[in-house]
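Chemist: using only what follows, build the 3D model:
(chains A and B)
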Amino acid sequence: MTIADISRRGLLKGTALLLGTTALSRIALAQDVPAGGRLIVAADSEPKNLNPAIVASNGVFFIASKVIEPLAEASYEGSDGLAPRLATSWEGSADGLSVTFKLRDNATWHDGKPFTSADVAFSALNVWKPLQNLGRLVFANLQAVDTPDDHTAIFRFSKPTPFQLIRNALPAVTSVVPKHIFEGTDIAKNPANNTLVGTGPFKFAEYKPGEYYRLTRNENYWKKGEPKLNEIVYRVLPDRESAGAALEAEEIHLAAFSAVPLADLDRISKVDGIKVISKGYEALTYQLVVEINHRRKELSDLRVRQAIAHAIDKKFVVDTIFLGYATESTGPVPKNSKEFYTADVANYNFDVKAANELLDQGGYTKGSDGNRFQLKLRPAPYFNETRQFGDYLRQALAAVGIDAVIVNADAAAHQKAVYTDHDFDIAVGPPVFRGDPAISTTILVQSGTPDGVPFSNQGGYVSAELDKIIAQAAVTVDTAARTDLYYKFQQLVVAELPLINVAEWGFITVARDTVLNVSDNPRWAVSNWGDTALQS
Amino acid sequence: MKRALLLLRRRIISSIPVLLIVVIFTFFLLESASGDAVDAYLGSIGGGDAALIKSLRESYGLDQSVFSRLWLYLSSLVRLDLGWSVAFNRPVRDLIAERLPNTLLLMGSATALSFGLGSALGIVAGAKPGSLRDRLLSIGSLIIYAIPSFWLGLVLSILFSVKLRWLPIAGIETIASGKSGLPQVLDVAEHLVLPVGALAFIYLALFLRVMRSGMAEAWKLDFVLFARAKGLSRSRIVLRHVARNALLPLVTMLGLQSAAMLGGSVVIESVFAIPGFGRLAQEAVNGRDAPLLMGIIVTSAVLVICVNFVVDLVYAVLDPRIGASEGRA
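Modeler: Here you go, the predicted structure:
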């Protein structure tokens, strides 16, 4: 079973499925697509730092991944789900103390200088490890990078580091930047962070704040025959309604990351010349999670958490809030991660009666107003769906006698309230699964995170057993044993419910029919678009 | 001319404490909002660890006390330095210089259109108060006034951009077109039709109603009765006596509306993806970007003071009794 199969199962509506297969047949044509043209894409934000080696986030990758490349990219067909980019092969040592990368020998920087292992060593030691939001974790034990020749880089770790983790982290955390531009400068403040120089198929040409980013073709790209396009223009469209209208008016060719609201997809899929594609986000799965503050007496009681899990109708959430463009979660690892996912976990089916019984057993009796107790509910403001789920959760909890009071806030206030002040009882969060549970999943339940760290265990949940498994997995070099530990991890999390996973979703791309080779890898929107083309 | 300069000097001196109060008030207002620039940033990049967060706060000076930050800001403001935007990682002055012209163009065109057309229609309506055309115009203007500008903007763009394809859907000019000179001017003008239309439409109704009621008032005044008794032609009475008199409150309102329109442009700029001042303000609030927001507010305050100054000058021209006393004081 391929990653694509799993993601599509029970996830798509009929129309989207049909259109998805159209997209697949396009991929078969990859060899003989026309070259040239300007692709115009909707962008809904302008990152203040465009350097993906420093800020590993989808908003940055969306633009920067066409200019600056990682060592490897996610792939539907490649072994371990990877395709080579700047590295042609990678191998971990048995003791977990080193990883050897063979690098491409025909890549050059956009300013003409050759790409060598010195660039990789510099990026790893001076950028990913000290500065990058995710690299700081993945490369915490990176001690040195040996460069025996120009096309070999050997990463040396001070403690055994699982090769599985490094491998899974390659697409997101290993964007290589040129040493000759950043060396000896204050890297975080270097203006080159916003006028990127990379090895990718496109060169950074121009940024007009508030209007557009323009990338142009790299004539000397290492992969012959690519890129197909002459230019990519990212047009800044902050209003979501106008992205759909701009597609219809043929002013843009493509809107990724669900820039067109889900509610409009049904209508826009019927417009001539427009296709709706849900493929291409399998490696960027977002999770809809109920975060729980375990400092609250009632919520520290497992029966209450189980009751809440039983009170949530996941199918209703998927069908109504996500309009079918999501899938029900069983635990903290999404189904798309075939390497780690296990279905062998406890199941809390939708059962209001069971929920009420559990609460009664716990001694939380209903008062004269029908309520057992009150909770402060903070839905994260990042997506329409997280806010809508907040409204749903309030109703679902009311059905079992829990009175949830919704407190809405903007991003900054939400971050501070939940992750610094712990001023919540339950919150709705959208963490991202980034290929390996060690990157941003275990932090959701591990104890001892300092205050203020976003998307972490700020509910104060403590389980010695869970912490032990997490710590063990962090140093287990053997891939099978490590995977096994993460199976246990999932089982324990679902049994104990430090948080409740409700649904998982990828985004939707809406594109004109003239755009070819869309969504041909599991991180398509944030990959290099070398083979993307425009039908003239 | 000398009178105007004196008036200007007086205005500048009196507006300094106003600006200072505005700045301090805004600073504490933003301070009282939960979360800071680093919180907002972390949300947008999907997180980071504790040490990274600490170093970010240090580099933005957010680890310092409220008062030392305010003092730092005020002392740089005295040197006309607007500071560094946290959310955009660029100097506030550059951001404002980039965005202000777009908003001025949008607001200026919309104000000119709504004032011109609104007062003209107001004259038509007020020329014969109570007549059928007066009633139709009054009811029409009420309906227009009740329409939210964002909705009007969306409807206009669906009709003229998506369905008819007559006009561009968004932006201030064709992106990366390489146009310059007259073609560029025409291109920008084409892009402005829908947003200016949407913004002007709402205010048009307001100007129409004020003009119309001013005229209805004026008909009852003695000098109009006298003019009629003299046997002057109706069109002369309407234009020279009634309309001119009714124009005064309209000019006052123009000054007040310039501030309101600055707010209204937030929505229109967002719907039509125009990189303007309103959108910048919205992004500054979302990013908890105190220096940027304050730069915007100071600039807006200066702008409103300038507009009101011009309005006073116009007022003085229309009614010589008004400016005279201020000039002497």
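Chemist: helix or strand for A:G390, which one?
Modeler: helix A:384-398 (DSSP states H and E).
Chemist: so A:V276 belongs to a helix, correct?
Modeler: No - with DSSP: H, G, I helix; E, B strand; the rest coil as the criterion, A:V276 is strand rather than part of a helix.
Chemist: that one touches A:S269, doesn't it?
Modeler: Yes - counting by CB atoms under 8 Å, A:V276 touches A:S269, with 4.4 Å between them. The C-beta positions use only the backbone N, C-alpha and C, and glycine is treated the same way.
Chemist: looking at those two, which is more packed in?
Modeler: Shown here are A:V276 and A:S269; by other CB atoms under 10 Å in any protein chain shown, A:V276 has more neighbours (25 against 18).
Chemist: separation between the more buried one and chain B?
Modeler: 17 Å (CB to the nearest CB, to the nearest Å).
Chemist: model confidence score at that residue, please.
Modeler: According to the prediction, A:V276 has pLDDT 95.
Chemist: remind me, longest helix of the chain?
Modeler: In the absence of a named chain, this looks at chain A. Looking across chain A with DSSP state H, the single longest helix is helix A:479-496.
Chemist: wait, chain B
Modeler: Once chain B is assigned using DSSP H, the helix that runs over the most residues is helix B:182-218.
Chemist: helix B:182-218 and whichever helix or strand comes after that one, what's the angle between them?
Modeler: On the C-terminal side of helix B:182-218, the closest following helix or strand by DSSP H and E is helix B:222-230. Counting by axes from the mean of the first three to the mean of the last three CA atoms, to 10 degrees, helix B:222-230 points 90 degrees away from the direction of helix B:182-218.
Chemist: so which bits of the helix or strand that comes right after helix B:222-230 are buried?
Modeler: Where DSSP H and E defines the elements, the next helix or strand beyond helix B:222-230 is helix B:234-236. Buried residues in helix B:234-236, counting neighbours by 16 or more other CB atoms under 10 Å in any protein chain shown, are absent.
Chemist: give me the mean pLDDT for the longest helix of chain B.
Modeler: The model assigns helix B:182-218 a mean pLDDT of 89.
Chemist: name the helices or strands packed onto that helix?
Modeler: The contact analysis (3 or more CB pairs under 8 Å, 6 or more residues apart in numbering or on different chains; DSSP states H and E) places helix B:182-218 against helix B:92-126, helix B:132-146, helix B:149-157, helix B:244-271.
Chemist: so what touches the third one?
Modeler: Contacts of helix B:149-157 from elsewhere in the structure, counted by CB atoms under 8 Å, 6 or more residues apart in numbering or on different chains, are A:241-242, A:245, B:169-170, B:194-195, B:197-199, B:201-202, B:264, B:267-268, B:270-272.
Chemist: ok now it, how far from the chain's centre?
Modeler: Per CA atoms, centre = their mean, to the nearest Å, the displacement of helix B:149-157 from the mean C-alpha position of its chain is 19 Å.
Chemist: buried set for it?
Modeler: Buried residues in helix B:149-157, counting neighbours by 16+ other CB under 10 Å, are found at B:S149, B:F150, B:L152, B:G153, B:L154, B:L156, B:S157.
Chemist: tell me how many other residues surround the residue of the stretch 351-500 of chain A found nearest chain B.
Modeler: Per CB to the nearest CB, the residue of the stretch 351-500 of chain A with the smallest distance to chain B is A:A412, at 3.0 Å. Neighbour count of A:A412, defined by other CB under 10 Å: 26.
Chemist: for A:K224, same thing?
Modeler: Neighbours of A:K224 (other CB under 10 Å): 6.
Chemist: chain A contacts on the stretch 51-200 of chain B?
Modeler: B:51-53, B:59, B:87-89, B:95, B:98-99, B:154, B:157-158, B:161-162, B:165, B:168-172, B:175-176 (CB under 8 Å from any CB of the partner chain).
Chemist: filter those to the buried ones?
Modeler: B:52-53, B:87-89, B:95, B:98-99, B:154, B:157-158, B:161-162, B:168-172, B:175-176.
Chemist: in helices only, show me the residues you listed.
Modeler: B:L52, B:I53, B:L95, B:E98, B:R99, B:L154, B:S157.
Chemist: any chance of those residues in CSV, with pLDDT and distance to A:Y364 too?
Modeler: Shown next, in CSV, are these (pLDDT from 0 to 100; distance: CB to CB, whole Å):
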residue, pLDDT, distance to A:Y364
B:L52, 87, 40
B:I53, 90, 37
B:L95, 92, 53
B:E98, 91, 57
B:R99, 91, 54
B:L154, 85, 47
B:S157, 87, 52
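Chemist: residues contacting the residue in chain B that chain A sits nearest to?
Modeler: Of all residues in chain B, the one sitting closest to chain A is B:P275 (2.3 Å; CB to the nearest CB). Contacts for B:P275 (CB under 8 Å, 6+ apart) come out as A:P209, A:G210, A:E211, A:V236, B:E98, B:R99, B:N102, B:I172, B:E269.
Chemist: figure out the helix or strand that it lives in.
Modeler: Assigned by DSSP H and E, B:P275 belongs to no helix or strand.
Chemist: cool, B:L19 as well?
Modeler: helix B:2-32.
Chemist: and what of A:N133?
Modeler: Using DSSP H and E, no helix or strand contains A:N133.
Chemist: circling back to that earlier point, buried residues in the helix holding B:L19?
Modeler: Those would be B:L7, B:S15, B:V22, B:V23, B:T26, B:F27, B:L30, for helix B:2-32 by 16+ other CB under 10 Å.
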